[in-house]
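Asker: take this sequence and fold it.
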Amino acid sequence: MVTRIFLCNEQTEPEIRDFIREAIADISEGEQYIVTWNCGNIQTLKVGDRAYFKRIGSANQGYFASGTVVPADREYQLKQRSARYRELSETYDIDSQANNFRVWVAWDACVTFDEPLRTDYLRQLPHFQGMPLEPQSDAGVFREEYVRMLDREWERQTQKAFRAGKGINLIDVYYRWGLEDIQQGFPQDALESFRQALKLNPDFVKAYLGLGDAHVSLREYAKAVGDYGKAISMRPDKARLAYFKRGEINFLLGQLQQAMADFQSVIAIDSNYADAHFSLGNTYYKLKSYEQAIACYGRTLEIEPERDLAVYRRGRSHYVLKEYLEAIRDFSYAIDLQPSNVDAYYYRALAYAQPEITDETLAGDDLRKAIVLYQTQGKTEKAKKAKEFLETLAIDSLPKARPRSIYAIAPSETDASTDNQSAIVDEIPLAMTARSDDIDDRDEETSKLIVEMEPISNEIAISDAEVAISNAEAAISDLTDAIEKIVEVEKIVEKIVEIEKIVEIERIVEVEKIVEVEKLVEVEKVVDRVIEKFVDRVVERVVEKPIPFSIEDPSTAEKLAMISVMAQYMRDGWLVRSVDKSQVGYDLECTKDDLCEAVVIKSFTSDRESFAISAIEIENARSNKDFVLWVVSGAAESPELRCLRGRELFEQFDLDPLAFAARVRQAAVQLEFAPVALEMSQFE
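Answerer: Numbers count the residues shown, from 1 in each chain. Predicted structure coming up:
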């Protein structure tokens, strides 16, 4: 097939502007615009030939439309009417005269008549030097070596015109439809849209990227790798996104060496591509090359200083390398950037508990916060392991020689020997060893801190006795010296007894501290009961009439789920405001200090294991950083609350179509289906 140039002079085609307006309307609906056009005396046009339409005349010369030569309807085919023209193709129309034939062409792109791709602009481009741009004859063949360059410039012109509302391209329409189908959970429909785009332009790189994304949504990863590879082979110097997406799939499939090569290719094209540096760091982390991972995360933070996951991952790498101070620094920074990063609290607690740091107070604080966040996020197993670790700290960690807490024993004014005893206590070495099992990338194992106490050594006391004996030998006789030795030994024994008493007292104080904590917990329970009563009274005002506790009634379950979630936020000190009637895509707006959450609440009923979710709620989940989805089961009896954030919705649920709406086309003959609602049944 060849590419032909059809000419248009406004003087001979006065209706051309009306044609273009009609074409833009049809193409925006996914339909080609059929026109018949004069091709002079040329009789060699074939169905499938590419066509460009060029404005000629006194001003604004250039290309304003493109399409494909198509067969005329059978009743309009010239070859069917006259045996004289049996050798012509099906595209020739009966409205033809000798030396003035007309053919059918389907436009798939056009711009307004006053915004063409101007030939004087093309002449200025270096790669168009020598290209024949002046019109030769109607439907003349365009030189093949220049077709690809013209296609590329035409694509840019139509995209620019579309953004300005002055043009349209059917390829872009199909591509845009494909993207919308993926976003709305219809990847199979997206495949068809992208394939339609490729039929119009087999070199449309973005359509191959779209095919890859659709295959990823369908979990057809091998096909996705092939699609991204096709895009790379077509434009290797511009395939930054294709390399990155293929690298993500290879990483997901565990093909780490291939993933590393893809991410490095991205960086070679664009050294400031933060996502590629971050993903390369994750790949090195998986390969246990932690120093390289730290370097990649550091480069990511140079480009995006507030990327909390890069800080957290770098902290994990430092932790594995036993660089605990650096790990604590990164975990603290990650928490500052994202206070809900529960894993950062957990691993900072592990770092605090290491022998090099050994600060059980800070470790315990972080563990308590981690337990609450794990429970809020529905990660019960991790909450359980964090609680077991906290109990290990509380039971096994004996007081240190130099206690850091407020429960340390102060010198007694009534005991003159206490100062000396305290000094001896400071000198007694208490050896503590701690081991922490390494945690894999999925956080499946929990580090266990094992604290062991070595027996108290009395070497220092014996050394003091020897010094005392030596001084005594120089001043008294052998008999007196022996007596003094006995006296010194008795004093040493007394000191050891006093030390044991001090240790016992510290143990008692530690027990009292635990008792005080238990009292505080009991007080918190009383406060919770008071808050619950207050929430109940507020709920009674919110609910206009009694709610029948029928789990089979979805509306009842939704209201009870709403009450449970409101109560949860109010107990935690949040200000709750209902925005359900505002149609903003979520049910509650919850604020606390500088925090804000857009809350959507869904309820499971006993007869169904799915729930309806609207397109605007799905868009919020994808784009709103404050989006939070609460899924409540057993709302009428013992509600169980589960919290999901952002893309966790797409990772943990499948999206299935619920219904369709039928709209009669203009021809009033065929029906077109479009999704109108959804029901609930991947990379950073």
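Asker: domains of this structure: list them as residue ranges, please.
Answerer: The record's domain parsing of the chain by automatic domain parsing lists 1-165, 554-680.
Asker: report the rounded mean pLDDT for the last one.
Answerer: For domain 554-680, mean pLDDT is 73.
Asker: could I get the domains of the chain as JSON lines with mean neighbour count and distance to G247?
Answerer: Glycine gets a C-beta too; all of them are placed from N, C-alpha and C. Formatted as JSON lines, the domains of the chain follow (neighbours: other Cβ atoms under 10 Å; distance: least, Cβ to Cβ, whole Å):
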{"stretch": "domain 1-165", "mean neighbour count": "17", "distance to G247": "27"}
{"stretch": "domain 554-680", "mean neighbour count": "16", "distance to G247": "19"}
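Asker: distance to S233 for those - can I get that in JSON lines?
Answerer: Converted to JSON lines, the domains of the chain look like this (distance: least, Cβ to Cβ, whole Å):
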{"stretch": "domain 1-165", "distance to S233": "15"}
{"stretch": "domain 554-680", "distance to S233": "30"}
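Asker: looking at those domains, which is nearest to V216?
Answerer: domain 554-680 (11.4 Å; Cβ to Cβ).
Asker: if we can go back for a sec, wait, which of the domains of the chain is closest to L179?
Answerer: Closest among the domains of the chain, using Cβ to Cβ: domain 554-680, at 12.2 Å.
Asker: now the element after the helix or strand harbouring V600, going C-ward?
Answerer: Taking DSSP states H and E as the definition, one finds V600 inside strand 595-604. Per DSSP H and E, the first helix or strand lying C-terminal to strand 595-604 is strand 611-613.
Asker: strand partners (parallel or antiparallel) of that next one?
Answerer: Note on strand 611-613: by DSSP bridges, its sheet partners are strand 671-680 (antiparallel).
Asker: pairing partners for the strand holding V600, with directions?
Answerer: Partners of strand 595-604 in its sheet, by DSSP bridges: strand 588-592 (antiparallel), strand 627-633 (parallel).
Asker: now the ones you listed as a markdown table including distance to A25?
Answerer: What follows is those, written out as a markdown table (distance: least, Cβ to Cβ, whole Å):
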| stretch | distance to A25 |
| --- | --- |
| strand 588-592 | 41 |
| strand 627-633 | 37 |
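Asker: between these, which gets nearest to I182?
Answerer: strand 627-633 (18.9 Å).
Asker: which residues touch whichever helix or strand comes after that closest one?
Answerer: Remark: after strand 627-633, the chain's next helix or strand is strand 640-645, criterion DSSP H and E. The list of residues contacting strand 640-645 from outside it, by Cβ atoms under 8 Å, 6 or more residues apart in numbering, reads 340, 376-378, 564-565, 568, 627-634, 652.
Asker: next secondary structure element downstream of strand 640-645?
Answerer: Under the assignment DSSP H and E, the closest C-terminal helix or strand after strand 640-645 is helix 648-652.
Asker: isn't F251 up against Y285?
Answerer: No: the pair F251 / Y285 is not scored as a contact, 10.8 Å apart, by Cβ atoms under 8 Å.
Asker: which residues does the closest residue to Q568 other than its chain neighbours bridge with?
Answerer: Spatial nearest neighbour of Q568, chain neighbours left out: L641 (6.3 Å); criterion: Cβ to Cβ, 6 or more residues apart in numbering. Counting by DSSP bridges, L641 forms beta bridges with V632.
Asker: gap between L641 and I616?
Answerer: Shown here: L641 relative to I616, a distance of 23 Å by Cβ to Cβ, to the nearest Å.
Asker: returning to that earlier point: right, and the strands paired with strand 595-604 - which one's nearest K54?
Answerer: For those, the distance to K54 is smallest for strand 627-633, at 50.1 Å, taking Cβ to Cβ.
Asker: show me where the stretch 1-150 of the chain has helices.
Answerer: Counting by DSSP state H, counting those that start in this stretch, the stretch 1-150 of the chain has helices at residues 16-28, 78-81, 119-123, 147-163.
Asker: and the ones you listed as JSON lines, adding distance to R240?
Answerer: Shown next, in JSON lines, are the helices of the stretch 1-150 of the chain (distance: least, Cβ to Cβ, whole Å):
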{"stretch": "helix 16-28", "distance to R240": "30"}
{"stretch": "helix 78-81", "distance to R240": "50"}
{"stretch": "helix 119-123", "distance to R240": "27"}
{"stretch": "helix 147-163", "distance to R240": "18"}
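Asker: can you put those in CSV and add distance to R55 and mean pLDDT?
Answerer: Shown next, in CSV, are the helices of the stretch 1-150 of the chain (distance: least, Cβ to Cβ, whole Å; pLDDT from 0 to 100):
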stretch, distance to R55, mean pLDDT
helix 16-28, 8, 93
helix 78-81, 27, 90
helix 119-123, 9, 87
helix 147-163, 13, 89
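Asker: the ones you listed: which one's closest to Q97?
Answerer: The nearest among the helices of the stretch 1-150 of the chain, by Cβ to Cβ, is helix 78-81 at 10.6 Å.
Asker: neighbouring contacts of that closest one?
Answerer: 72, 74, 85-90, 92-94, 96, 101.
Asker: now do stretch 209-217
Answerer: Residues from elsewhere that reach stretch 209-217 (Cβ under 8 Å, 6+ apart): 175, 178-179, 181-182, 185, 187-188, 190-191, 193-195, 197-198, 221, 223-225, 227-228, 231, 241-242, 245-246, 249, 682.
Asker: filter those residues down to the buried ones and hand me the ChimeraX line.
Answerer: To isolate the buried ones among the contacts of stretch 209-217 in ChimeraX, judged by 16 or more other Cβ atoms under 10 Å, type:
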select :175,178,179,181,182,185,187,190,191,193,194,197,198,221,223,224,225,227,228,231,241,242,245,246,249
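Asker: could you list which of the contacts of stretch 209-217 belong to helices?
Answerer: 175, 178-179, 181-182, 187-188, 190-191, 193-195, 197-198, 221, 223-225, 227-228, 231, 241-242, 245-246, 249 (DSSP state H).
Asker: just give me the least confident of the contacts of helix 78-81.
Answerer: S96 (84).
Asker: that one and S193, how far apart?
Answerer: 36 Å.
Asker: one more: E220?
Answerer: 17 Å.
Asker: now I168
Answerer: According to Cβ to Cβ, I168 stands 16 Å off from S193.
Asker: before we move on, back to that, could you dump the contacts of helix 78-81 to CSV with distance to F113?
Answerer: Formatted as CSV, the contacts of helix 78-81 follow (distance: Cβ to Cβ, whole Å):
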residue, distance to F113
A72, 25
R74, 32
Y85, 32
R86, 37
E87, 35
L88, 30
S89, 29
E90, 29
Y92, 26
D93, 23
I94, 28
S96, 26
F101, 24
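Asker: average pLDDT across stretch 254-264?
Answerer: Stretch 254-264 comes out at a mean pLDDT of 94.
Asker: who's in contact with that stretch?
Answerer: By Cβ under 8 Å, 6+ apart, the surrounding residues in contact with stretch 254-264 are 243-244, 246-248, 250-251, 276-277, 279-280, 283-284, 286-287.
Asker: rerun that using 7 Å as the cut-off
Answerer: Y243, R246, G247, N250, F251, A276, S279, L280, T283, K286, L287 (Cβ atoms under 7 Å, 6 or more residues apart in numbering).
Asker: and S633, what does it touch?
Answerer: Shown in contact with S633 (Cβ under 7 Å, 6+ apart): F604, E640.
Asker: can you read off the pLDDT for the residue nearest to A164 when sequence neighbours are not counted?
Answerer: Spatially, and ignoring its direct neighbours in sequence, A164 is nearest to E115 (7.9 Å; Cβ to Cβ, 6+ apart). At E115, the model reports a pLDDT of 91.
Asker: can you report phi and psi for the nearest residue to V111 once chain neighbours are set aside?
Answerer: Counting by Cβ to Cβ, 6+ apart, the nearest residue to V111 once its immediate chain neighbours are dropped is G167, at 3.5 Å. The phi and psi values for G167, taken as degrees, to the nearest 10, are phi -180, psi 170.
Asker: residues touching H127, list them.
Answerer: If a contact means Cβ under 7 Å, 6+ apart, then H127 has M149 as its contacts.
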